[in-house]
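> need a structure here:
(2 chains)
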Number of protein chains: 2
Amino acid sequence: MSDSDWQKTTIDAAQAAEHPETAEAVAKIKALRQSIDNIDSAIIALLAERFKATLQVGVLKAGAGFAPEDVKREEYQIERLHRIATDAGLDPDIAEMYREFVVTEAKKRHQRIADAGGDPGILDVFA
Amino acid sequence: MSDSDWQKTTIDAAQAAEHPETAEAVAKIKALRQSIDNIDSAIIALLAERFKATLQVGVLKAGAGFAPEDVKREEYQIERLHRIATDAGLDPDIAEMYREFVVTEAKKRHQRIADAGGDPGILDVFA
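Below you'll find the model as predicted:
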């Protein structure tokens, strides 16, 4: 098997058995992937709770006539997430990408609630 | 204060006091924001652990000559995250955006490790 074939290869136990030198790497990758999957399960559960909370914020904002966007709140979040990412040993750029992802999505949903006159029903499919 | 002024307004306790009808909404939004901040702290800690794990996968893949990309693994993750998002009451579209964000970023980092001959030092600033 040439180098370029390997580059197209997925992690595969059968192929690894033919190449004992990579079998150990494959075993380690499988163990790490199980941890990654567990971490993803936890994060998905937390994202579900986060969007439940921002859905409520969206309804309250629409009811009170507040705009979906809040620049002061975003500045606070940028500073705070940068700080806790550094503490946690996470590249702050990744924390900022996370923030942009969740805040952008929450704002879009807030705008849709406001456009629907404060009715969250349009987003209620997963509530 | 006109409607359009409110639309530019951030949530502000002083302004809310002048408008008792919105004070309750502001108090509820503040409580929800504290929960959102706590959820973000937990997610940032989990993302730090996730990128530590994918950093190790990147080093193992580079050492074994595996490509950064793994289509079978991604198909598995797409199906799995869709399923657990639905179970958790999260819009599966958001789970897919999360997956694209973390997998794209992990692959970029795997490629950089492979380009550096398996040396994770280039990404070690936050390890």
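> Could you find the closest non-adjacent residue to the residue nearest the centre of chain A?
Nearest to the mean C-alpha position of chain A, counting by Cα atoms, centre = their mean, stands A:Tyr98 at 6.0 Å. Leaving aside its sequence neighbours, A:Tyr98 sits nearest to B:Leu47 (Cβ to Cβ, 6 or more residues apart in numbering or on different chains; 6.4 Å). In short, each C-beta sits where N, CA and C put it, glycine included.
> Surely that neighbour is in contact with B:Val102?
Yes - with contacts counted by Cβ atoms under 8 Å, B:Leu47 reaches B:Val102, the gap being 7.5 Å.
> Identify the contacts common to these two.
Shared contacts of B:Leu47 and B:Val102 (Cβ atoms under 8 Å, 6 or more residues apart in numbering or on different chains): none.
> Which strand or helix spans the residue nearest to A:Tyr98?
Counting by DSSP states H and E, the element that carries B:Leu47 is helix B:20-64.
> about what we covered before: residues in contact with the residue nearest to the centre of chain A?
Counting by Cβ under 8 Å, 6+ apart, A:Tyr98 touches A:81, B:43-44, B:47, B:101.
> Check the burial of A:Gly117 by counting its neighbours.
If you count neighbours by other Cβ atoms under 10 Å in any protein chain shown, A:Gly117 ends up with 8.
> ugh, wrong one, A:Leu46
Neighbours around A:Leu46, by other Cβ under 10 Å: 19.
> Would you mind measuring from it to chain B?
5 Å (Cβ to the nearest Cβ, to the nearest Å).
> Correct me if wrong: that residue contacts B:Ile36.
No - counting by Cβ under 8 Å, A:Leu46 does not reach B:Ile36; the two are 10.4 Å apart.
> need the helix or strand of chain A with the lowest average pLDDT.
One helix or strand of chain A scores below all others by mean pLDDT, DSSP states H and E: helix A:3-8, with a mean of 45.
> Please identify which helix or strand holds A:Phe66.
Per DSSP H and E, there is no helix or strand for A:Phe66.
> Next up, phi/psi of it, please.
Main-chain dihedrals, A:Phe66, degrees, to the nearest 10: phi -80, psi 150.
> Skipping its backbone neighbours, what lies nearest A:Val59 in space?
A:Val59 sits nearest to A:Pro120 (Cβ to Cβ, 6+ apart), 5.0 Å away.
> Spit out the contact partners of the one you found.
A:Pro120 touches A:55, A:58-59, A:113, A:127, counting by Cβ under 8 Å, 6+ apart.
> All set now, cheers.
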